[in-house]
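>>> Make a model of this:
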Amino acid sequence: MNELAGENRSVRVRAVSGTLLNHPGVWCMASSTPDKTIDKTFYRFGAFKLNAQTGELSNEGEKLKLRDQPLKLLLAMLEQPGELVTREELVRRVWPDGTFVDFDRGLNKAVLHLREALGDSAERPQFIETLPRKGYRFVAPVTQDLPELSTTPIAPLPERPSRARFRLWMATVVAAVIVAVVAVANVGGIRNWINHRTHLTSQISALAVIPLENLSGNPDEEYFADGMTDELITDLAKASSARITSRTSVMRYKQTRKSVRDIGRELNVDAVVEGTVTRSGERVRITAQLIQVATDMHLWAETYERNADEILHLQSEVATDIARRISTVVRPLDQGRTVNPNAYGLYLKGRYYFYQYTSEGWLQAIDYFNRALELDPEFAPAYSGLADVYLVAGAYGSIPTQEALTRGKSAAEKALKLDDKLAGAHYALATAYTWYDWDWASAQKEFQRGLALNPNDALGRNWHGGYLSVQGRHEEALDEHERARELDPFSLIVNANLVRALYWGRRYDEAISQAKKTLQMDPKFGVALFWLEGSLRHKGMFKEAVALRQAITTPENAHLIARKYQTLGFPALMRDSAETFKKNGALVEAARCFAQVGEKREALSLLEDCYQRHCYSMVTLKAEPDFDVLRSEPRYQELERRLGLEQF
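Now for the predicted structure:
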């Protein structure tokens with residue numbers, strides 16, 4: 001078959017006495033019996049079983065969905081267990097000649113999807129080991145069922161049934177015949193409907209929840225509808241094996257006039273959930289319906305109603321019901337304790353302001369989360385919300401970074417003490433361990449726990465990508481950032497941090513391209529502009545880098561920049577930046593600039609000073625291209641050793 005690069009896995013032979021047949025790595029003796037079919041080849045590893053002929057993968061009997069490209073990768077590695085399978089070989093197996101695709105990016109994504117299906121980890125691989133810049137190796141023991149020549153046995157005649165059993169048997173046969181006749185005749189289109197309906201939900205591997213409509217009649221209740229949308233997305237992401245689009249990307253479709261088909265195409269999903277939410281007194285009602293994108297067909301609809309203090313149970317029930325209709329494997333959700341309705345309302349307001357991604361919004365979010373905890377001190381999600389807002393606001397510079405990391409870590413720890421199943425709190429704690437404590441082992445443990453609880457958390461995967469990048473594990477980091485973007489394609493920070501990962505991976509052309517795509521969403525987004533400037537510099541595109549600096553400053557400063565560049569050159573601008581950063585206490589940033597103009601001693605002194613002050617950005621030493629000129633220096637190598645980065 002073409003997709004298996006010419007290796008035919010379904011072998012039908014006319015047996016000849018004494019002939020040896022070569023079949024995928026084994027020899028078998030053909031008997032002198034009539035025409036027979038060699039049984040399907042099965043690969044077994046761990047609790048998994050793969051039918052190489054049909055491509056069906058199962059885990060202890062549970063069928064798993066596996067896309068075409070990851071399946072081809074898996075087959076290629078299973079055929080050579082324990083051996084290196086090069087990236088070039090995998091590309092040839094997956095994409096035939098004449099295919100136009102970004103092979104590196106496509107291969108990374110296919111490996112990522114395969115690891116997710118197997119529950120594998122790049123950090124501690126049980127099945128697929130990455131050999132950087134070379135390829136992959138299947139490290140688990142693999143057994144292969146030997147193909148056998150088989151005949152179809154003759155079924156024994158059934159025993160004569162008793163009279164009662166005979167009547168039941170006849171009734172069953174009659175009913176079956178009626179259904180068969182109706183289906184064969186396609187009366188009323190019944191056969192088409194049965195076939196179509198049966199396979200619709202099995203085709204759903206990606207889902208988006210369109211913002212629930214507020215039917216309360218009160219515009220001030222919009223935060224509640226948005227919050228319920230957010231919580232439904234979170235619960236679905238935990239319960240379902242499908243890819244669930246994150247909140248940031250779906251909120252752009254609030255009160256949209258776009259069709260389901262247009263939304264599905266833009267988000268690259270197979271189905272959407274639409275619905276409404278109403279809060280009246282002490283009661284909350286949710287309606288939800290599942291719609292297939294390709295056909296615009298309504299596959300399922302239901303209405304749910306609960307008391308306000310049972311709202312966590314209500315959300316869990318809705319998410320579980322939807323998950324059962326789109327997933328072969330449904331993870332159990334905590335049914336949720338009763339909660340103070342007023343505390344929950346304040347929590348939803350906190351989430352509402354958190355997602356505004358403004359300094360004012362983050363301050364309001366902190367206030368609402370704290371007020372929720374005053375009413376319900378054991379409401380763990382509010383602590384998790386505080387952890388998120390501190391860490392995100394710190395990353396944007398709206399809160400001093402040291403304060404943000406300290407407070408964020410404390411809030412995450414309190415959340416997990418109350419509820420260890422909050423994936424977001426595990427991700428937040430892992431991020432604090434990475435950037436504040438430089439505790440790599442604890443960070444890895446928390447990231448793995450978060451990924452196990454909710455693999456669909458785009459912000460968590462974004463943070464995990466940063467953790468991998470600062471260790472110099474750039475290929476794995478790009479896989480993670482790609483997955484985050486797939487989950488949240490319109491998130492500015494997710495897209496900008498993909499630029500950062502490409503820049504840190506020295507893939508400057510790709511970083512520039514991704515930065516331009518991000519800036520199409522917001523031309524003034526500072527994070528993307530920062531990494532774009534670095535990529536332009538390392539490409540030697542100094543004129544473009546200067547133009548970028550001019551574009552993001554005042555007209556007066558832009559004129560001074562242009563004049564200095566024309567008279568003194570780009571190094572003069574870098575030295576100016578170094579002095580400005582040093583004056584403002586941004587020592588690592590100052591060291592980067594000094595290193596780039598050849599002032600290595602000054603750069604190293606600043607870094608040593610920064611280490612003593614425990615500057616959070618010290619963790620970028622291994623990743624940052626600006627420090628490449630320092631890597632042979634013993635003082636620099638000692639800093640990497642102190643940070644624990646020499647192990648990577």
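
>>> give me the low-pLDDT residue ranges for the stretch 351-500 of the chain?
The stretch 351-500 of the chain contains no residues with pLDDT under 70.

>>> Residue 142 is in contact with residue 80, isn't it?
No - contact criterion C-beta atoms under 8 Å: residue 142 and residue 80 do not qualify, at 9.5 Å. All C-beta atoms are positioned from the backbone trio N, CA, C, and that covers glycine.

>>> Between the two, tell me which one has more neighbours.
Higher neighbour count among residue 142 and residue 80: residue 142, with 19 against 14, using other C-beta atoms under 10 Å.

>>> Give the closest residue to that one in space, chain neighbours not counted.
Of all residues not flanking residue 142 in the chain, residue 81 sits nearest, at 4.1 Å (C-beta to C-beta, 6 or more residues apart in numbering).

>>> same question, residue 122
In space, residue 122 is closest to residue 476, 4.7 Å off (C-beta to C-beta, 6+ apart).

>>> got it, and residue 645?
Counting by C-beta to C-beta, 6+ apart, residue 645 lies nearest to residue 622, which is 4.7 Å off, once chain neighbours are set aside.

>>> Tell me the spacing between that neighbour and residue 643.
With distances taken as C-beta to C-beta, to the nearest Å, residue 622 is found 8 Å from residue 643.

>>> cool, residue 110 as well?
Taking C-beta to C-beta, one finds residue 110 at 33 Å from residue 643.

>>> more neighbours, these two?
For residue 110 versus residue 643, neighbours defined as other C-beta under 10 Å are more numerous around residue 110 (22 against 16).

>>> Name the secondary structure element that contains the more buried one.
Residue 110 is located in helix 103-118, with elements delineated by DSSP states H and E.

>>> Against which helices or strands is that helix packed?
Judged by 3 or more C-beta pairs under 8 Å, 6 or more residues apart in numbering; DSSP states H and E, helix 103-118 is in contact with helix 68-78, helix 87-94, strand 128-131, helix 474-487.

>>> and the longest one, what does it pack onto?
In this structure, helix 474-487 makes packing contacts with helix 103-118, strand 243-244, helix 458-470, helix 492-504, judged by 3+ C-beta pairs under 8 Å, 6+ apart.

>>> could you dump these to TSV with distance to residue 130?
Shown next, in TSV, are these (distance: least, C-beta to C-beta, whole Å):
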stretch	distance to residue 130
helix 103-118	8
strand 243-244	22
helix 458-470	11
helix 492-504	16
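
>>> Out of those, which is closest to residue 604?
Among the helices and strands packed on helix 474-487, the nearest to residue 604 by C-beta to C-beta is helix 458-470 (19.2 Å).

>>> Run the chain-centre distance for that closest one.
From the chain centre to the centre of helix 458-470 is a distance of 10 Å (C-alpha atoms, centre = their mean, to the nearest Å).

>>> so what's the backbone phi/psi at residue 57?
Per-residue torsions, residue 57: phi -110, psi 130 (degrees, to the nearest 10).

>>> In this structure residue 294 contacts residue 269, no?
No - counting by C-beta under 8 Å, residue 294 stays clear of residue 269, with 10.6 Å between them.

>>> out of these two, which sits in the more crowded spot?
Ranked by neighbour count (other C-beta under 10 Å), residue 294 and residue 269 place residue 269 first, with 22 against 13.

>>> Pretty sure that one sits in a strand.
No - using DSSP: H, G, I helix; E, B strand; the rest coil, the assignment for residue 269 is coil, not a strand.

>>> tally of neighbours for the closest residue to it other than its chain neighbours?
Spatially, and ignoring its direct neighbours in sequence, residue 269 is nearest to residue 206 (4.2 Å; C-beta to C-beta, 6+ apart). As a burial measure, residue 206 scores 18 neighbours (other C-beta under 10 Å).

>>> Ends of stretch 41-58, what's the gap?
Stretch 41-58 has its terminal residues 14 Å apart, counting by C-alpha to C-alpha, to the nearest Å.

>>> For that stretch, which residues meet the burial criterion?
Across stretch 41-58, burial judged by 16 or more other C-beta atoms under 10 Å covers 41-43, 45, 48-50, 52, 55, 57.

>>> In JSON lines: these, plus secondary structure.
Supplementary listing: the buried residues of stretch 41-58 in JSON lines, determined by three-state DSSP:
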{"residue": "41", "secondary structure": "coil"}
{"residue": "42", "secondary structure": "strand"}
{"residue": "43", "secondary structure": "strand"}
{"residue": "45", "secondary structure": "strand"}
{"residue": "48", "secondary structure": "strand"}
{"residue": "49", "secondary structure": "strand"}
{"residue": "50", "secondary structure": "strand"}
{"residue": "52", "secondary structure": "coil"}
{"residue": "55", "secondary structure": "coil"}
{"residue": "57", "secondary structure": "strand"}
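
>>> pLDDT check: weakest of these?
Here the lowest pLDDT out of the buried residues of stretch 41-58 sits on residue 41, with 78.

>>> Make sure that one is actually in contact with residue 53.
Yes - with contacts defined as C-beta under 8 Å, residue 41 counts as touching residue 53 at a distance of 6.5 Å.

>>> what residues are up against residue 468?
122, 474, 476-477, 480 (C-beta atoms under 8 Å, 6 or more residues apart in numbering).

>>> can you tell me which two in these are farthest apart?
122 and 474 (12.0 Å).

>>> Share the number of residues neighbouring residue 252, please.
By other C-beta under 10 Å, neighbour count at residue 252 equals 13.

>>> Not counting its neighbours along the chain, what's nearest it?
Using C-beta to C-beta, 6+ apart, the nearest residue to residue 252 is residue 490, at 6.0 Å.

>>> Right, I'll call it a day here.
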